[in-house]
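Q: With the input below, show me the fold.
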Amino acid sequence: MTLTDWVLILFILVLLAFAIYDDVIMAKRKSTTLLTIPLLRRSRVDGAIFVGLVAILIYNNIASHGAPLTTWLLGALALMAIYLFWFRQPKIIFKTDGFFFANAWIEYNRIKAMNLSEDGVLVMQLEQRRLLIRVKNIDDLEKIYKLLVNSQ
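A: Numbering: from 1, shown residues only. Sure thing, here's the model as predicted:
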């Protein structure tokens with residue numbers, strides 16, 4: 001196996017660990033889950049570019065009669081990228097003491113102000129940054145409101 005194969009294996013393992021953490025482990029961390037809300041996806045253009053570049057590498061490896069293992073590893077990398085960019089649903093997970101947003105833990109006491117924009121984006125002002133929460137279903141904003149009011 002070449003260094004390229006080892007690097008591909010490393011990237012695949014890192015992406016797999018992230019997918020498992022995001023789908024399984026994060027829901028069980030900190031405390032019991034009170035509410036999970038699906039969020040809108042960001043642009044899929046970056047994912048399409050990445051998958052396209054990996055497809056070019058697969059074609060180049062096949063055309064130059066490269067190692068079959070490298071082709072399989074590139075295919076696995078492309079499948080992981082397709083899962084992460086197209087099938088994985090971003091979400092916000094509310095717990096008893098805080099919530100997970102973009103895989104970061106934020107405690108409720110860090111929220112200084114909350115506003116709702118005209119286009120349905122919940123804006124949470126923290127000490128030094130703002131969180132822009134774009135929910136998939138506008139009715140979920142009421143669930144978030146009820147949860148935050150009842151937790152105070």
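
Q: Quick one: end-to-end distance for stretch 124-139.
A: Counting by Cα to Cα, to the nearest Å, you get 18 Å between the two ends of stretch 124-139.

Q: what do you get for stretch 60-69?
A: The distance separating the two terminal residues of stretch 60-69, taken as Cα to Cα, comes to 14 Å.

Q: Tell me which residues of that stretch come out buried.
A: When neighbours are counted by 16 or more other Cβ atoms under 10 Å, the buried residues of stretch 60-69 are found to be 61, 66. In this view, the C-beta of every residue, glycine as well, is placed from N, C-alpha and C.

Q: ok, residues contacting it?
A: By Cβ atoms under 8 Å, 6 or more residues apart in numbering, the residues outside stretch 60-69 that reach it are 1, 2, 5, 70, 71, 74.

Q: one more time with 10 Å, if that's ok
A: With contact meaning Cβ atoms under 10 Å, 6 or more residues apart in numbering, stretch 60-69 is reached by 1-2, 4-5, 8-9, 57-58, 70-75.

Q: next one: stretch 113-120
A: Taking Cβ under 10 Å, 6+ apart as the criterion, the residues outside stretch 113-120 that touch it are 40, 121-126, 130-135, 137-138, 140-141, 144-145, 148.

Q: distance between that stretch and the chain's centre?
A: Average the C-alpha atoms of stretch 113-120, do the same for its chain, and the two points are 22 Å apart (Cα atoms, centre = their mean, to the nearest Å).

Q: what's the average pLDDT for it?
A: Per-region confidence: stretch 113-120 scores 80 on mean pLDDT.

Q: Output the below-cut-off pLDDT ranges for the chain.
A: The model of the chain has pLDDT under 70 over residues 151-152.

Q: Walk me through the domains of it.
A: Under the assignment automatic domain parsing, the domains of the chain span 3-30+42-87, 98-151.

Q: now the contacts of stretch 60-69: which count as buried?
A: 4, 8, 57, 58, 70, 73, 74.
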